[in-house]
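Visitor: I would like to see how this sequence folds:
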Amino acid sequence: MTHLITGGARSGKSRHAEHLAIQHGGPVCYIATAEVRDEEFAERVRQHRLQRPAHWQVQEAGRDLAGLILGHDQEDGLLLVDCLGMWLIRFFGPDDSFDEVEFARQRQWLLEAIDAVQGRLLLVTNEIGWGVMPMSRMARLYGDLLGRLNQDVAARCQHVTLVACGLPLSLKGG
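Guide: Below is the predicted model:
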């Protein structure tokens with residue numbers, strides 16, 4: 001079972017995904033994709049850790065998200081990936097560069113991994129296309145890439161849920 005959970009910043013999407021993982025009752029592997037770059041974000045990560053059950057296995061993802069998914073997939077298990085937007089940021093450099101070739105390769109592997117998963121897979125992502133178009137070229141590129149990635153992941157997932165104001169709304173799969 002594959003399930004994409006999307007929503008805006010602080011919409012409750014991670015909390016909803018964690019709730020679904022707890023309800024699963026089997027082994028859970030939480031795959032964190034964010035790269036901590038400042039103290040404020042480090043505090044957000046600490047708060048997320050406090051909300052998760054201590055017995056969950058936690059893996060830190062680099063660029064090879066597909067490898068982690070396939071390497072930790074279990075028929076009776078659940079993988080929770082949080083989140084695709086943070087994973088995409090790993091392909092942007094501090095000098096406004098973007099590793100297009102590596103992202104294209106990793107993106108394709110991720111889509112193939114989603115198709116191949118045997119257990120349950122929850123993927124959290126950001127819905128960013130509802131605001132004003134960003135002024136910077138890199139921010140527009142990020143929005144374009146994440147929007148297309150979200151569409152392709154949603155097409156492959158059996159369930160898609162939008163979370164707004166902490167309320168989940170099923171978009172696909174009931």
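Visitor: use CA for all of it now, contacts and neighbours both
Guide: OK.
Visitor: Helices of the chain, residue ranges please.
Guide: In the chain, the helices defined using DSSP state H lie at 13-24, 39-51, 65-72, 84-89, 100-116, 137-156.
Visitor: Show me what the first one is packed up against.
Guide: Using 3 or more CA pairs under 8 Å, 6 or more residues apart in numbering; DSSP states H and E as the contact criterion, the elements in contact with helix 13-24 are strand 2-7, strand 78-82, strand 120-126, strand 159-164.
Visitor: now with 10 Å?
Guide: On a contact count with 3 or more CA pairs under 10 Å, 6 or more residues apart in numbering; DSSP states H and E, helix 13-24 meets strand 2-7, strand 28-32, helix 39-51, strand 78-82, strand 120-126, strand 159-164, strand 167-172.
Visitor: likewise the shortest one?
Guide: Applying 3+ CA pairs under 10 Å, 6+ apart, one finds that helix 84-89 contacts strand 28-32, helix 100-116, strand 120-126, helix 137-156.
Visitor: Helix or strand with the lowest mean pLDDT in this structure?
Guide: Of all helical and strand segments in the chain, the minimum by mean pLDDT, DSSP states H and E falls on helix 39-51, at a mean of 85.
Visitor: now that one and helix 13-24, what's the angle there?
Guide: For helix 39-51 against helix 13-24, the angle by axes from the mean of the first three to the mean of the last three CA atoms, to 10 degrees is 20 degrees.
Visitor: contacts for helix 39-51?
Guide: Applying CA atoms under 10 Å, 6 or more residues apart in numbering, the contact partners of helix 39-51 are 14-15, 18, 32, 34-36, 58.
Visitor: and that helix, how far out from the chain's middle?
Guide: Computed by CA atoms, centre = their mean, to the nearest Å, the chain-centroid distance of helix 39-51 equals 16 Å.
Visitor: Likewise for stretch 161-174?
Guide: How far stretch 161-174 lies from its chain's middle: 15 Å, per CA atoms, centre = their mean.
Visitor: Show me which positions of it end up buried.
Guide: By neighbour count on 16 or more other CA atoms under 10 Å, the buried set for stretch 161-174 is 161-164, 168.
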